[in-house]
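Student: mind folding the following:
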Amino acid sequence: MDCILVQARTGSKRLKNKVLKKINRRTILENLIIRLKKVKKIKNIIVLTTKKKEDDSIINLLKKMNINYFRGSENDLVLRFYDCVQKYNIKNIIRITSDCVLIDPRFIDRFYKFYKSKRYDYVSNTTPIEKSSFPDGSDIEIFSSKTLIKVHKMCKNKIDREHLTNYIWRSKKFKTYTFQNNKNLSNYKYSLDYKEDFTSIKKIFSVLNKRSQFGYTNEIINIINADKKLFKRMKLTKKLYLKNRFDLNEINCEVILHSNLSKNNLKNIIHLKKQEWKYEINSHKKWIKNKIKDNDIHILLKLNNKIIGYTMLRILKIRSYLKYKKIIYFDTYIIDKTLRGKKISPYLMQEAIKQINRKKILAVLRCKKNLEKYYKNFKWKDVGQRIKFNDNKKLTSMIYPVSKFKKKDFLNSNLAV
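Tutor: Have a look, this model is predicted:
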């Protein structure tokens, strides 16, 4: 069957419990489902939420409304959708997010008709964002279960798996299509992300009720255009939203051998390192000159072409009694202090792991105890104090990949770093 799949949870970090906030005595989720029931071509609706106890309130609401539901992974949205599709034997997916409470059902019918008549893997009206000409809050994505299965198998990036369809339009491995509106309305925003958005949406519902209007896109735009304060508030929240959604920006890693490192890149690396280690610039330069060899690897994380993160893979030659002739020493892992806590670092870590896998040798890092959990999320293994270093720092040693590690190989080791 073809089905509208709505993702909803109470644990939104930007606006907690937003799907259960009420407008006109109905929750956001109820208002959304009422609008989705106006869709003519698809009558199947399933709400996907998480297994967390706090989302029991969503399930209770759906039971009262007699709406099907599915509970799955909280952060791995690809897995949540994949498991739901397998359970209900869904062929084509119309994905709607619960923050699009003012969704236009006529658009869903129109886009679905187009999708069924063509051979695209994925169609949307608001992604990728640079191609969008529709308001933020009218988001509709349609794709097949076959496409979802491919994403589930191929997509390894945790952030892309959290945002479900990023991989589809970013990887260029799928045939995609972005609908274009007759008039560019992409500067309008009525999705529910912040408390200011809730104020705006309440205002829109209030005016719609007074005018006895359903709230199709043209009616909503007319309300916003007539209220300068409303339009200004929406512009501010849209700017804030785009600033915090790094996955929608151009993020990439540049991998450079030390022998090819430019003076400008060296300057930017030292600038980042100084955020963590307050040595003079010349001290940083001296350390790099003395410690880093030509075949060592620098990895630069860039956001819209600006360096915001950095790590280094040092190839250490082992001349002692260890089994290994070479190991990779994972050194200096840093994110710009203004962007920490913004879920940027996985891009850098995943590129580092990719390079380690290419070398096919054991990698070792050291960290403070409070960072062990972070590295374990990327399948680094804690080996405690089994690997000794010549500087005698009391740090936890971790290795990757685990399959290459044998305890006896590091007995009495004393690695020079």
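Student: domains of the chain?
Tutor: Domain ranges of the chain: 2-187, 250-410, per automatic domain parsing.
Student: nearest to Ala226, of the ones you listed?
Tutor: domain 2-187 (15.2 Å; C-beta to C-beta). Any C-beta I mention is one placed from the backbone N, CA and C, and that applies to glycine too.
Student: I'd like the average pLDDT over the closest one.
Tutor: Averaged across domain 2-187, the pLDDT comes to 95.
Student: before we move on, the earlier item: ranking the domains of the chain by burial, who's on top?
Tutor: Mean neighbours per residue, mean count of other C-beta atoms under 10 Å, is largest over these for domain 2-187, with a mean of 18.
Student: start to end distance for that one?
Tutor: 31 Å (C-alpha to C-alpha, to the nearest Å).
Student: starting at the chain centroid, how far to it?
Tutor: A distance of 15 Å separates the centroid of the chain from that of domain 2-187, by C-alpha atoms, centre = their mean, to the nearest Å.
Student: name the element the spatially closest residue to Phe330 that is not a sequence neighbour belongs to?
Tutor: Of all residues not flanking Phe330 in the chain, Leu365 sits nearest, at 3.7 Å (C-beta to C-beta, 6 or more residues apart in numbering). Taking DSSP states H and E as the definition, one finds Leu365 inside strand 363-367.
Student: which element follows that strand toward the C-terminus?
Tutor: Strand 363-367 is succeeded, C-terminally, by helix 372-376 (DSSP H and E).
Student: run through who's touching that next one.
Tutor: Helix 372-376 has contacts (C-beta atoms under 8 Å, 6 or more residues apart in numbering) with Leu365, Cys367, Asp382, Thr396, Met398.
Student: rerun at 6 Å
Tutor: For helix 372-376, contacts defined as C-beta atoms under 6 Å, 6 or more residues apart in numbering pick out Asp382, Thr396, Met398.
Student: starting at the chain centroid, how far to that helix?
Tutor: 19 Å.
Student: I'd say Trp169 and Thr126 touch.
Tutor: No - applying C-beta atoms under 6 Å, one finds Trp169 not in contact with Thr126, separated by 10.8 Å.
Student: quickly find the element holding the nearest residue to Ile269 once chain neighbours are set aside.
Tutor: Spatial nearest neighbour of Ile269, excluding adjacent residues (C-beta to C-beta, 6+ apart): Tyr310 at 5.5 Å. For Tyr310, the element it lies in under DSSP H and E is strand 306-317.
Student: can you tell me what sits against that strand?
Tutor: Taking C-beta under 6 Å, 6+ apart as the rule, strand 306-317 contacts 268-269, 272, 295-301, 326-329, 331-336, 339, 348, 352, 355.
Student: how big is the angle separating it from strand 363-367?
Tutor: Here the directions of strand 306-317 and strand 363-367 differ by 120 degrees (axes from the mean of the first three to the mean of the last three C-alpha atoms, to 10 degrees).
Student: just the helices in the stretch 151-300 of the chain please.
Tutor: 158-162, 166-171, 195-211, 217-225, 228-244, 263-276, 281-291 (DSSP state H, counting those that start in this stretch).
Student: could you pull up the residues touching Gly137?
Tutor: Residues in contact with Gly137 (C-beta under 6 Å, 6+ apart) are Cys100, Leu102, Tyr190, Ser191.
Student: run the last query once more with 10 Å
Tutor: 97, 99-104, 126, 188-193, 197, 200-201, 204, 217, 220, 234, 238 (C-beta atoms under 10 Å, 6 or more residues apart in numbering).
Student: over to Leu79?
Tutor: Contact analysis of Leu79 by C-beta under 10 Å, 6+ apart lists Gly72, Ser73, His152, Arg161, Leu164.
Student: could I get those as JSON lines with distance to Ser138?
Tutor: Below are those laid out as JSON lines (distance: C-beta to C-beta, whole Å):
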{"residue": "Gly72", "distance to Ser138": "26"}
{"residue": "Ser73", "distance to Ser138": "27"}
{"residue": "His152", "distance to Ser138": "27"}
{"residue": "Arg161", "distance to Ser138": "25"}
{"residue": "Leu164", "distance to Ser138": "18"}
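Student: what about the stretch 201-350 of the chain, any weak spots by pLDDT?
Tutor: Flagging of the stretch 201-350 of the chain using pLDDT under 70 yields the residue ranges 246-249, 319-324.
Student: start to end distance for stretch 33-43?
Tutor: For stretch 33-43, the end-to-end distance is 11 Å (C-alpha to C-alpha).
Student: what residues of stretch 200-217 count as buried?
Tutor: Using 16 or more other C-beta atoms under 10 Å as the burial criterion, the residues of stretch 200-217 that qualify are Ser200, Ile201, Lys203, Ile204, Phe205, Val207, Leu208, Gly215, Tyr216, Thr217.
Student: contacting residues around stretch 49-67?
Tutor: Outside stretch 49-67, the residues that reach it (C-beta under 10 Å, 6+ apart) are 6-11, 16-17, 19-20, 27, 29-30, 33-34, 36-37, 45-48, 68-75, 77, 80, 98.
Student: among those residues, which ones are in helices?
Tutor: Cross-referencing those against helices under DSSP state H gives Leu29, Glu30, Ile33, Ile34, Leu36, Leu77, Arg80.
Student: and which of these is nearest to Ile251?
Tutor: Leu77 (18.2 Å).
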